[in-house]
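> From the sequence below, what's the structure:
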Amino acid sequence: MRILIVDDDPGVRDFLRRAITREKHEVFTANNGEEGVLLFEEERPDLVLSDIRMPGMDGLAMLRAIRERSSECFVVMITGFGSEAIAVEALRLHANDYLSKPIGMDSVLQLLRRFGALAVDRELDLEIRSMVERRRLSMKIDNRREMTVKIVNYLVAETSGVFSADERQGIRLGLVELIMNAVEHGNLGITYEEKSAALREGECSLDSLYQDRLSDPVRANRRVTIEFSADRDMCEWIIRDEGEGFDWRKIADPLEDIRVLKPHGRGVFLSRFHFDELEYLGKGNAVRAAKHIRKETSG
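Have a look, this model is predicted:
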């Protein structure tokens with residue numbers, strides 16, 4: 001495994017480094033949270049082992065930053081005596097486990113065996129995924145905007161082992177825009193101008209706008225259908241709402257004129273940076289996004 005140790009105590013860092021190196025793992029060390037995040041981005045370790053209490057960016061802040069970048073890396077936090085509440089908070093922030101000080105050699109070896117086996121299983125899972133010729137997934141969602149990010153995370157998880165972490169982040173951002181467009185502008189009929197005015201007035205005004213549209217049973221009962229498919233060369237998402245649609249042929253290309261950020265333009269403008277292909281279909285209530293699989297960046 002590739003393991004990142006983050007601790008401001010040089011004695012603890014050296015102990016962990018020597019113990020882990022003896023087990024034939026590749027080790028990187030950082031003195032604080034800021035340096036830990038930088039090393040994480042550069043080295044993409046399989047496991048991060050970090051103290052919680054550090055000057056500057058502490059372990060919890062670093063954990064949040066890592067989870068914004070990856071949900072796959074194992075993270076184990078090191079806590080001191082009487083820090084049980086902090087350990088629980090770390091688990092709530094999606095740490096995978098914690099070690100209590102003083103750290104014994106047996107605890108380190110047990111941790112390495114457990115997460116080493118999980119890492120091997122994950123690599124095998126990725127290898128098996130690469131054997132799949134084609135995958136399909138179809139889901140139908142309602143108009144709850146608070147569910148959008150969770151739904152997108154579920155969809156992006158289907159591309160694990162196919163795209164790099166940076167590519168998956170781009171896909172995540174693009175899908176959020178496209179699905180929100182389908183809910184807001186498609187199903188609920190909220191115009192760009194209406195949403196902009198509501199945002200200027202505050203989040204409560206936007207909530208009121210949503211509730212007003214959802215009070216219409218016709219709009220409230222509309223759904224967004226998402227179809228995902230993947231083969232060895234490409235992943236594709238088709239997002240279809242049940243709104244009236246629009247004449248997308250009359251809208252200027254946002255990549256050529258970024259001033260044309262109309263109701264159905266902003267999402268396309270942002271999403272085209274994250275996908276290789278993006279096009280509206282039919283009467284404008286469906287959009288197709290695709291990303292090619294580049295063999296040198298998969299994994």
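
> what's the nearest residue to G284 if we skip its chain neighbours?
Sequence neighbours aside, G245 is the residue nearest to G284 in space, at 3.8 Å (criterion: C-beta to C-beta, 6 or more residues apart in numbering). Yep, even glycine has a C-beta here, placed from its N, CA and C like the rest.

> Quick check: phi and psi at A286.
phi -140, psi 140 (degrees, to the nearest 10).

> beta partners for it?
Taking DSSP bridges as the rule, A286 bridges to R240, L281.

> Helices of the stretch 151-299 of the chain, start to end?
Listed in chain order, the helices of the stretch 151-299 of the chain (DSSP state H, counting those that start in this stretch) span 165-181, 192-201, 203-214, 217-220, 266-271.

> low pLDDT regions in this structure?
81-82, 121-132, 203, 247-270, 295-299 (pLDDT under 70).

> in it, which spans are strands?
2-6, 26-30, 47-51, 74-79, 97-100, 134-141, 224-231, 234-240, 277-281, 286-292 (DSSP state E).

> Can you give the contact residues for the second one?
It stands for strand 26-30. Contacts to strand 26-30, defined as C-beta atoms under 8 Å, 6 or more residues apart in numbering, come from residues 1-7, 13, 16-17, 20-21, 36, 38-39, 43, 45.

> Tell me how far it lies from the chain's centre.
25 Å (C-alpha atoms, centre = their mean, to the nearest Å).

> rewinding a little: of the contacts of strand 26-30, buried ones?
1, 3-7, 13, 16-17, 20, 36, 39, 45 (16 or more other C-beta atoms under 10 Å).

> Of the residues you listed, which is the nearest to D212?
Nearest to D212 among the buried ones among the contacts of strand 26-30 is G36, at 46.2 Å by C-beta to C-beta.

> OK, contacts around the closest one?
Taking C-beta under 8 Å, 6+ apart, one finds 4, 6, 30, 48, 50, 57, 62 in contact with G36.

> 10 Å - rerun?
Neighbouring residues of G36 by C-beta atoms under 10 Å, 6 or more residues apart in numbering: 4-7, 28-30, 45, 48, 50-51, 54, 57, 59, 61-63, 65-66.

> what's the burial count for the residue nearest to A230 when sequence neighbours are not counted?
With C-beta to C-beta, 6+ apart as the criterion, A230 has its nearest non-adjacent residue at 4.7 Å, and that residue is R135. Neighbours of R135 under the rule other C-beta atoms under 10 Å: 14.

> Could you do the one 3 residues further on as well?
By other C-beta under 10 Å, 10 other residues sit near S138.

> Just want to check the distance between it and K150.
According to C-beta to C-beta, to the nearest Å, S138 and K150 sit 17 Å apart.

> Backbone dihedrals for the residue lying closest to S71 once chain neighbours are set aside, please?
Of all residues not flanking S71 in the chain, H94 sits nearest, at 7.3 Å (C-beta to C-beta, 6+ apart). H94 adopts backbone torsions of phi 80, psi 30, taken as degrees, to the nearest 10.

> buried ones in stretch 45-64?
Here stretch 45-64 shows 45-52, 54, 57-63 as buried, counting by 16+ other C-beta under 10 Å.

> Likewise for stretch 230-237?
230, 235-237.

> Turn these into JSON lines, including distance to E84.
Output for the buried residues of stretch 230-237, formatted as JSON lines (distance: C-beta to C-beta, whole Å):
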{"residue": "A230", "distance to E84": "43"}
{"residue": "C235", "distance to E84": "43"}
{"residue": "E236", "distance to E84": "47"}
{"residue": "W237", "distance to E84": "43"}
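
> From these, pick the one nearest I179.
After measuring the buried residues of stretch 230-237 against I179 - C-beta to C-beta - the closest member comes out as W237, at 9.2 Å.

> quick one, what contacts the residue nearest to A230?
Here R135 is in contact with 129, 158-159, 162, 228-231, 235 (criterion: C-beta under 10 Å, 6+ apart).
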